[in-house]
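Engineer: Okay, structure incoming, though there's no sequence with it:
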Ligand code: 5GP
């Protein structure tokens, strides 16, 4: 069963402007900002301005908007971090490792062949 959306989750507060973030892009349906604990340099999170806990609750117009924003962010990451590899990750449910229960997509500049070798 999917958790109930909680209006006081961290990302809801970021959308509302009640918590600061390092914003990289915003439009009427999405917000993109730097992850506070990056898994690699340039780790960005993209969220819809919709009350969705996870993928199953995401409305088509917001799903579309999130992925259009992801394309913009990815292009910027490739330029800024001179990395060809951009990993897209998105966790659904605590069991999968989801810790913030407002839908979000991770975009992580990464070299797959270097992962786990640190
Ligand atoms: P999840 O495991 O739910 O897919 O990922 C949640 C992500 O949100 C983590 O990568 C974590 O570092 C990030 N995060 C948690 N709290 C904050 C916050 O207050 N600000 C920002 N910018 N990122 C956060």
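Structural biologist: Alright, I've got the coordinates. Owing to the predicted nature of the structure, the values given are computational and were not obtained by experimental measurement.
Engineer: OK, contacts around residue 52?
Structural biologist: 5, 58-59, 62, 102-103 (Cβ atoms under 8 Å, 6 or more residues apart in numbering). C-beta here means a position set from N, CA and C on the backbone, and glycine is covered the same way.
Engineer: make that residue 2, sorry
Structural biologist: By Cβ under 8 Å, 6+ apart, residue 2 lies in contact with 53-54, 56-57, 93.
Engineer: ok, now residue 93?
Structural biologist: Residue 93 makes contacts with 2, 54, as judged by Cβ under 8 Å, 6+ apart.
Engineer: Restricted to buried residues, select the contacts of residue 52 in ChimeraX.
Structural biologist: The following ChimeraX line selects those of these that are buried, judged by 16 or more other Cβ atoms under 10 Å:
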select :5,58,62,102,103
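Engineer: Output the contacts of residue 52 as CSV; include the columns distance to the ligand.
Structural biologist: Converted to CSV, the contacts of residue 52 look like this (distance: Cβ to the nearest ligand atom, whole Å):
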residue, distance to the ligand
5, 14
58, 14
59, 20
62, 17
102, 9
103, 10
